[in-house]
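**Student:** structure of the sequence below:
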Amino acid sequence: MGAVIDRISWPLTLLLVLLAGLAPFVPEPHVWEKLKMLAAGDLVRASDIFDLVLHGTPWLVLLAKTDPRSGHPKSLTDLRWMPAV
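**Tutor:** Residues are numbered from 1 along each chain as shown. Below you'll find the model as predicted:
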């Protein structure tokens, strides 16, 4: 599983978090709305569960890429992920 996560580039991960992970921006991101529904026990409709998975997946990928237990140098300060100029 770690090899799959490692093959996802940092720019793509950050783009997905910013766009899919936070969309729509107004009035509040879907992922935040669905997490509040989950905490309240109101996350019961299939469309709401799908929304949570859809908008939460980029965040899970970001967490997996920054996991210090993986042993891979994947930090944002490691500039090897940037394309050559």
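**Student:** in contact with residue 51, which residues?
**Tutor:** Contacts for residue 51 (CB atoms under 8 Å, 6 or more residues apart in numbering) come out as 30, 34. To be clear about C-beta, it is placed using only N, CA and C from the backbone, and glycine gets the same treatment.
**Student:** that one: what secondary structure?
**Tutor:** Recorded secondary structure, residue 51: helix (DSSP: H, G, I helix; E, B strand; the rest coil).
**Student:** equivalent analysis for residue 36, please.
**Tutor:** At residue 36 the chain is in helix, as set by three-state DSSP.
**Student:** for the chain, which segments count as helices?
**Tutor:** 2-7, 10-19, 30-40, 46-65 (DSSP state H).
**Student:** any idea of the mean pLDDT for the shortest one?
**Tutor:** Read it as helix 2-7. Across helix 2-7, pLDDT averages out at 80.
**Student:** do the same with stretch 22-32
**Tutor:** 86.
**Student:** how far does it stretch from start to finish?
**Tutor:** 8 Å (CA to CA, to the nearest Å).
**Student:** just to check, residue 61 is in contact with residue 13?
**Tutor:** Yes: Residue 61 is within contact range of residue 13, at 5.6 Å (criterion: CB atoms under 8 Å).
**Student:** who's more crowded, the two?
**Tutor:** Using other CB atoms under 10 Å, the more surrounded residue of residue 61 and residue 13 is residue 13, with 21 against 18.
**Student:** worst average pLDDT in the helices of the chain?
**Tutor:** Of all the helices of the chain, mean pLDDT reaches its minimum on helix 2-7 (a mean of 80).
**Student:** buried stuff in it?
**Tutor:** residue 5 (16 or more other CB atoms under 10 Å).
**Student:** ok, now stretch 45-57?
**Tutor:** By 16+ other CB under 10 Å, the buried positions in stretch 45-57 come out as 48, 51, 52, 55, 56.
**Student:** out of these, the closest to residue 23 would be?
**Tutor:** Residue 23 lies nearest to residue 55 out of the buried residues of stretch 45-57, by CB to CB, at 7.0 Å.
**Student:** wait, that closest one touches residue 20, no?
**Tutor:** Yes: the criterion here is CB under 8 Å, and residue 55 meets it with residue 20 at 6.3 Å.
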